[in-house]
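Participant: Give me the fold of what follows.
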Amino acid sequence: MEYTTENLEKAVTLFYRTEAGQQAEAHHWLTEAQNSPQAWSFVWELLSPHRNSEVQFFAATTLHTKLMKHWNEVPEDHYELLKKRILEAIINYAMGPKIVLNRLCITLSAYIIHTVPAHWPNAFEELVSSFQPHHLPSVEPERVIWILLEILTVIPEEFQSTLLAISQRMRVRTVLQDVSKDILKVVEMCLTPLPTTGFEMTNLTTYLNAARCASAWIQLGGLNIDDCTSVMNLLINLTCFAYWNKMDPECMSSEEMELMEVTVEALTAIIQHPHTNRYQGLVMKCSADMLYKFEKILECERNSPECNKDIVAILYGLLVTIADVHSKIFINNLKSADPEEQRISFDLFNSILKCTNLPGLYPVDESSSTLTFGFWYTLQDDILSLETAECAQLLLMIKPYYRDLVCIMLRKSMYPLNEDGDWSLDDKEVFRCYRQDIADTFIYCYNVLNLEMLDILNTKLVEALHKNNATGLSSHIQWNEVETCLHAFGAIAESIELENLYLPKLMITIKEIPFRELHRKVMASALETVGSYSDWITEHPEMLENVLPLVISALDKPEVATSATMALKDLTHSCQKYLLPYADHILIAAQAALQGGTLKLAECSRLMYSIGKVLSILPIPRIMEYLNIILAPSFKEIQELLNVDPSPAVKTSLITRLKVLSSLFNSLCVKKPQTQIIEQPTVLVMQNTMPLYKVIGEKYGTSNDVMEELSVLFKYVVTTLLDDCTPLINDILQLVVTVYRECPQSNILMVAKTVVIMFGNEDQFRAIMHQLLHEIVTTTLQMCAQLNSANQLAEKTDVLEGFFAMMAQLYKKIPQVVFASGLDTAALFQCAVLCLSLPEAQTLKLCASFLVNFISQSRDTAQASVVQNYGESLVLRILLNLGSTAPRSSVDIFSDLLLALNKKYCDNLSRWLNTLLAQEDFPSPRISRQQKEHFIRQVLR
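Facilitator: Numbers count the residues shown, from 1 in each chain. Sure, this is the predicted structure:
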């Protein structure tokens with residue numbers, strides 16, 4: 001269908017007013033029309049005033065698209081005409097529709113980005129001069145100002161999104177930064193209140209547009225704080241004016257709210273400018289101005305029964321940013337001899353503490369306290385990085401804030417008493433993340449307070465457990481007060497070293513908590529706390545008798561099984577050598593929990609890991625007794641599953657059993673003296689069950705999910721037993737070859753890579769290693785040839801990633817084994833080059849990694865002829881990717897390849913580059929001969 005105005009109008013109508021199928025078809029055709037050269041002609045006809053607004057908007061959008069994506073289609077001698085027609089269109093649509101006018105303003109900004117400074121050097125002076133009310137008498141003055149500000153606002157945004165050559169981008173950025181001060185003067189004129197009346201709410205739209213324009217240009221980065229002092233004062237005062245003079249005293253309108261958001265965004269951009277810290281005096285002056293003016297608004301909101309959470313979040317966000325970005329300035333002020341400077345720092349810290357301490361629960365009652373956590377980290381981090389004496393002095397000054405902060409966060413991290421009440425699932429998830437942020441902040445508090453914090457937490461926990469009412473009688477324990485203290489103790493576990501006063505008290509207290517009378521979350525937190533102190537318990541093994549009974553008793557409780565199995569896993573990992581007296585209790589309880597059938601898969605896996613750790617310290621006969629009892633049901637179930645036809649349910653059950661077995665094999669390893677030879681229990685189990693794994697490979701070799709779990713199981717066996725697994729190597733590798741030959745997949749390659757790296761140099765396995773590599777490489781090359789002939793190579797990127805990841809590692813660590821395997825290295829090299837045409841970044845990265853290792857070792861491994869014969873095809877592929885097909889994020893990948901070639905084959909690379917780039921319009925018609933020559937010089941230097 002031709003791109004006539006009538007056809008285009010019909011297509012636009014179809015797009016807006018039909019069902020989804022026709023809509024998609026119309027969209028496809030209209031997109032093609034936008035990309036066609038004819039669009040430069042029909043766009044002006046569609047912008048005719050008598051067309052409907054939908055057609056006009058399509059035309060304006062098309063014009064913008066052409067300027068963004070097809071600027072190279074415009075001849076230089078048409079630039080002036082194009083500018084004139086865009087300006088005329090803006091004036092014609094000055095009074096609307098607004099959606100069309102906005103798009104035309106964006107179009108003009110795109111034109112400016114492409115033509116400054118070479119073709120329209122004084123663009124901004126002309127722009128400001130042209131859009132003055134007295135030059136456009138037919139248009140309302142407010143609308144003229146709106147148009148000017150709209151054009152100016154979108155110029156920085158267009159600059160960020162427009163694709164430009166690096167040199168052109170630098171020139172345009174320089175121009176934009178040079179005119180930033182002039183643009184700011186225009187903004188100041190629009191924001192400056194009249195001397196007689198001051199700010200007026202009737203000018204709210206102009207204020208909003210001017211503030212938005214200021215924000216856009218400030219974020220461009222060309223303005224320092226000393227350039228923005230006047231605008232900052234105007235924005236601060238305008239923010240206060242918008243709040244204190246709102247139309248409705250009860251609430252702010254959407255426009256008033258948007259104005260506050262935009263003004264604060266602009267102020268934030270100024271404060272965050274990387275050069276702002278050079279102007280400490282200005283930072284202090286402006287910060288104090290914002291602090292004391294905005295604190296009045298915040299105080300009003302805090303005292304209001306209907307607090308506006310958005311206003312609180314906006315203003316606190318700004319104050320926290322000031323304190324965070326310029327924390328060193330405010331820290332230095334703490335040592336200042338000027339009491340006023342000290343006061344500003346203290347008042348700012350107090351304001352932020354009030355934000356952390358906002359009443360109610362996050363995120364239901366307030367949404368701002370989370371903004372402060374980053375600042376509390378920065379403050380202590382900056383102070384702790386100072387010299388010892390200076391650090392000690394400052395720590396004394398900030399400790400009161402962190403003491404209060406601990407108490408505040410204990411309250412803020414409390415669950416509501418009715419935890420299953422009105423909270424939505426989203427609220428619960430947000431609160432879970434919030435508690436994690438609080439846990440991190442507790443660590444910062446501990447860095448400042450050390451034992452003082454433990455004292456606070458211990459006191460609060462004891463108070464919560466032994467609370468008395470007004471008459472002196474014991475009152476009911478509030479479970480959330482106990483839980484929040486345990487949560488805090490758990491949060492700081494990794495920071496505590498060699499503590500012998502408060503932590504023993506904590507372990508004894510945990511033993512005495514009446515868990516049956518309290519909410520399940522108290523026991524869950526207690527278990528998590530025990531697990532987090534497993535390393536400390538290693539140094540205090542006498543504490544096991546206080547905590548292990550709790551952990552063991554919780555294994556069969558579904559509501560806390562997750563926390564119990566995690567705690568047991570931590571204890572068995574860290575305190576393994578002290579568990580012999582408790583081994584039977586743990587194993588019996590664990591076996592009962594597994595047989596109970598209430599545990600989830602992850603809990604079963606963790607429990608099996610713990611079983612392996614405990615079994616590893618027992619004599620081998622007892623290990624085998626327990627294994628027969630614990631594993632017999634699993635292997636019986638696997639056998640039954642393999643006797644029935646494959647189905648999704650059978651596959652899921654099989655995966656579950658393999659995951660649980662993997663966890664056991666990941667931890668079960670009997671330590672032995674170097675002189676003693678023993679047969680590991682895992683080896684005995686694997687030898688007896690290997691026929692089952694072979695059947696799994698035969699029946700489920702094409703299932704990635706099942707093979708992934710079987711591969712993980714084999715990998716854990718090999719990496720856990722190390723040299724003790726040698727009796728299993730032949731069987732494992734035979735299964736790997738069989739499965740991979742039947743259905744190439746990345747999971748099984750993980751096993752092959754691990755085994756070859758570990759045992760590739762050992763004489764007894766040399767033959768099977770060579771056979772393995774030969775089979776894997778041959779199978780992969782055949783697969784690539786078949787897929788490439790059918791243009792389906794992209795369907796197996798996961799296999800190719802696993803394959804080249806393996807080969808890169810082997811070339812790097814044991815190249816002699818690889819080259820002794822009789823591989824077709826030329827075909828392998830060509831396959832890697834072919835795979836560089838794939839779009840996935842990870843595939844490109846791994847193929848390039850293999851090629852870099854191959855090239856780097858080629859001269860030492862008699863493979864130089866491969867690179868010399870096929871290196872030109874590699875360079876061709878690299879140039880094609882850089883010139884057209886690859887995303888910019890992949891440039892570093894190809895630079896590594898060029899670097900490797902330049903290092904080992906400099907003469908060849910020079911010849912290949914000069915030959916290939918001598919071709920006209922290669923690799924892209926947009927690249928000039930001078931740019932090609934510059935590229936070659938940069939690569940070869």
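
Participant: Sketch out the low-pLDDT regions of the stretch 201-350 of the chain for me.
Facilitator: Scanning the stretch 201-350 of the chain for pLDDT under 70 picks out no residues.

Participant: Oh, that last question was meant for the chain, not what I typed.
Facilitator: Using pLDDT under 70, the chain drops low at 419-421, 468-474, 674-675, 885-887.

Participant: Go again with 80.
Facilitator: 1, 18, 419-422, 467-475, 672-677, 884-890, 926, 941 (pLDDT under 80).

Participant: Point out the other elements, helices or strands, that the helix or strand residue 609 falls within touches.
Facilitator: Secondary structure assignment for residue 609, by DSSP states H and E: helix 601-615. Here helix 601-615 touches helix 561-574, helix 583-596, helix 620-642, helix 648-665, going by 3 or more CB pairs under 8 Å, 6 or more residues apart in numbering; DSSP states H and E. Using the backbone N, CA and C atoms, a C-beta is placed for each residue, glycine as well.

Participant: between that helix and helix 620-642, how many degrees?
Facilitator: Orientation check (axes from the mean of the first three to the mean of the last three CA atoms, to 10 degrees): helix 601-615 against helix 620-642 gives 150 degrees.

Participant: Can you give me every residue that contacts the nearest residue to residue 634 once chain neighbours are set aside?
Facilitator: Excluding its sequence neighbours, the residue lying closest to residue 634 (CB to CB, 6 or more residues apart in numbering) is residue 657, at 5.3 Å. Counting by CB atoms under 8 Å, 6 or more residues apart in numbering, residue 657 touches 634, 637, 638, 641.

Participant: Neighbours of the third one, how many?
Facilitator: The reference is to residue 638. Residues near residue 638, counting by other CB atoms under 10 Å, number 20.

Participant: how much space between the nearest residue to it once chain neighbours are set aside and residue 81?
Facilitator: Excluding its sequence neighbours, the residue lying closest to residue 638 (CB to CB, 6+ apart) is residue 657, at 5.2 Å. To residue 81, residue 657 is 75 Å away according to CB to CB, to the nearest Å.

Participant: go on, residue 531?
Facilitator: Taken as CB to CB, the span from residue 531 to residue 81 is 74 Å.

Participant: Distance-wise, check the residue nearest to residue 561 when sequence neighbours are not counted relative to residue 594.
Facilitator: Distance criterion CB to CB, 6+ apart; nearest residue to residue 561, sequence neighbours excluded, is residue 603 at 4.9 Å. Relative to residue 594, residue 603 is positioned 9 Å away (CB to CB).

Participant: from what I can see the residue nearest to residue 561 touches residue 567, true?
Facilitator: No: contact criterion CB atoms under 8 Å: residue 603 and residue 567 do not qualify, at 11.7 Å.

Participant: neighbour count winner among the two?
Facilitator: residue 567 (30 against 20).

Participant: ok, the nearest residue to that one once chain neighbours are set aside - contacts?
Facilitator: Nearest residue to residue 567, sequence neighbours excluded (CB to CB, 6+ apart): residue 531, at 3.6 Å. Counting by CB under 8 Å, 6+ apart, residue 531 touches 563, 566, 567, 568, 569, 570, 571.

Participant: Include distance to residue 329 when you put these into a markdown table, please.
Facilitator: Converted to a markdown table, these look like this (distance: CB to CB, whole Å):
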| residue | distance to residue 329 |
| --- | --- |
| 563 | 44 |
| 566 | 43 |
| 567 | 45 |
| 568 | 49 |
| 569 | 46 |
| 570 | 43 |
| 571 | 47 |
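
Participant: Specify which member of the residues you listed is nearest to residue 126.
Facilitator: Using CB to CB, residue 566 is the member of those that sits closest to residue 126, with 67.9 Å.

Participant: Could you list the buried residues of stretch 438-445?
Facilitator: Judged by neighbour count using 16 or more other CB atoms under 10 Å, the buried positions of stretch 438-445 are 438, 439, 441, 442, 443, 444, 445.

Participant: Equivalent analysis for stretch 363-372, please.
Facilitator: 363, 366, 367, 368, 369, 370, 371, 372.

Participant: Need the CA coordinates for it. PDB is fine.
Facilitator: Written as PDB, here are the backbone C-alpha positions of stretch 363-372 (Å, rounded to 0.1, in the frame of the first residue of the first chain):
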ATOM      1  CA  PRO A 363       5.200   1.300  54.800                       C
ATOM      2  CA  VAL A 364       1.600   1.600  56.000                       C
ATOM      3  CA  ASP A 365       1.800   4.800  58.100                       C
ATOM      4  CA  GLU A 366       4.900   6.400  56.700                       C
ATOM      5  CA  SER A 367       7.200   6.000  53.700                       C
ATOM      6  CA  SER A 368      10.200   8.200  54.500                       C
ATOM      7  CA  SER A 369      12.200   6.600  57.300                       C
ATOM      8  CA  THR A 370      14.000   4.300  54.900                       C
ATOM      9  CA  LEU A 371      15.500   7.400  53.200                       C
ATOM     10  CA  THR A 372      17.800   7.900  56.100                       C
END
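
Participant: Tell me which residues are up against it.
Facilitator: 307, 309, 312-313, 316-317, 320, 352-353, 355-360, 362, 412, 423, 427, 430-431, 434, 437.

Participant: among these, which are in helices?
Facilitator: 309, 312-313, 316-317, 320, 352-353, 355-356, 412, 427, 430-431, 434, 437 (DSSP state H).

Participant: Would you mind checking those residues for buried ones?
Facilitator: Buried among those (16+ other CB under 10 Å): 309, 312-313, 316-317, 320, 352-353, 355-356, 412, 430-431, 434, 437.

Participant: Now do the contacts for residue 572.
Facilitator: 579, 586, 609, 610, 613, 614, 667.

Participant: Around the first one, count how many other residues there are.
Facilitator: To tie it back to what came earlier, the one meant is residue 579. The burial count for residue 579: 21, using other CB under 10 Å.

Participant: isn't it right next to residue 616, touching?
Facilitator: No: using CB under 8 Å, residue 579 is not in contact with residue 616, being 9.9 Å away.

Participant: Among the contacts of residue 572, which one lies nearest to residue 486?
Facilitator: Nearest member of the contacts of residue 572 to residue 486, counting by CB to CB, is residue 610, at 21.8 Å.
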